[in-house]
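Novice: requesting a structural model of the entry that follows:
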Amino acid sequence: MTKAELSKKTKLAIFKSVYRPTLIYGHEQWILTEKTRSRIQSEEMRFLRTVAGLTLRDKVKSSSIRASLQIEPLILHIEYSQLRWLGHILRMPPNRLPYQIFQAVPTGKRPIGRPRTSWRKYIEKLIQERLGLQWADVQQAAKDRNRWKQLLKLRPERIRGRK
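Specialist: Purely as a prediction, here's the structure:
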């Protein structure tokens, strides 16, 4: 990506079509911990700094680089896709496997230590933080595709305050 023959436009096209999909493959089912968020953001910014022709020593803020390249943070893209996938799951008929897995409650003995966060608990927290909705409201909203789509369109304005 450091070759001078490639324009910024070409490098950004490579970022959007090759690098980003490779980095976030299967992201709809991820549980984003702070460690995962940090790793994703650092890899994304490493690539974007290279595209912009900058290094860490230049001490340019990540938000400034993203703004100059007109790139939305990858974390927002991941969260949007996860919420979109949730809408698909909630609209599925009860006999479909993804719906059954989503509704399943595991049984048995857990290992010692803090319980692992389930995807359902993670997504409930994400909805509360991003959309400001309770679980019952989400289930009703997701049943109506147009309403769910409108809720997800409002998402970026509510997230901008967070890194």
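
Novice: and the spatially most central residue of the chain, what does it touch?
Specialist: Centroid check for the chain by Cα atoms, centre = their mean gives residue 78 as the closest residue, at 1.6 Å. Neighbouring residues of residue 78 by Cβ atoms under 8 Å, 6 or more residues apart in numbering: 24, 27, 30, 32, 40. Placement of C-beta: from N, CA and C, glycine included.

Novice: assign the fourth one to helix, strand or coil.
Specialist: For residue 32, the reduced secondary structure class is coil; criterion used: DSSP: H, G, I helix; E, B strand; the rest coil.

Novice: tell me, how many residues neighbour it?
Specialist: By other Cβ atoms under 10 Å, 16 other residues sit near residue 32.

Novice: I'd say it and residue 122 touch.
Specialist: Yes. The pair residue 32 and residue 122 qualifies as a contact (Cβ atoms under 8 Å) at a distance of 7.3 Å.

Novice: the domain parsing of the chain - what is it?
Specialist: The record assigns the chain these domain ranges, following automatic domain parsing: 8-72, 76-101+116-159.

Novice: redo those domains as JSON lines? Include distance to residue 109 and mean pLDDT.
Specialist: JSON lines is the format used below for these (distance: least, Cβ to Cβ, whole Å; pLDDT from 0 to 100):
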{"stretch": "domain 8-72", "distance to residue 109": "21", "mean pLDDT": "91"}
{"stretch": "domain 76-101+116-159", "distance to residue 109": "14", "mean pLDDT": "87"}
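
Novice: between the ones you listed, which one is nearest to residue 108?
Specialist: Across those, residue 108 has its closest neighbour in domain 76-101+116-159 (13.3 Å, Cβ to Cβ).

Novice: sorry, back to before: in CSV: the domains of the chain, plus distance to residue 110.
Specialist: Putting the domains of the chain into CSV (distance: least, Cβ to Cβ, whole Å) gives the following:
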stretch, distance to residue 110
domain 8-72, 16
domain 76-101+116-159, 8
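
Novice: follow-up on the earlier one: for the residue nearest to the centre of the chain, give me phi and psi.
Specialist: Here is the backbone geometry of residue 78 (degrees, to the nearest 10): phi -60, psi -50.
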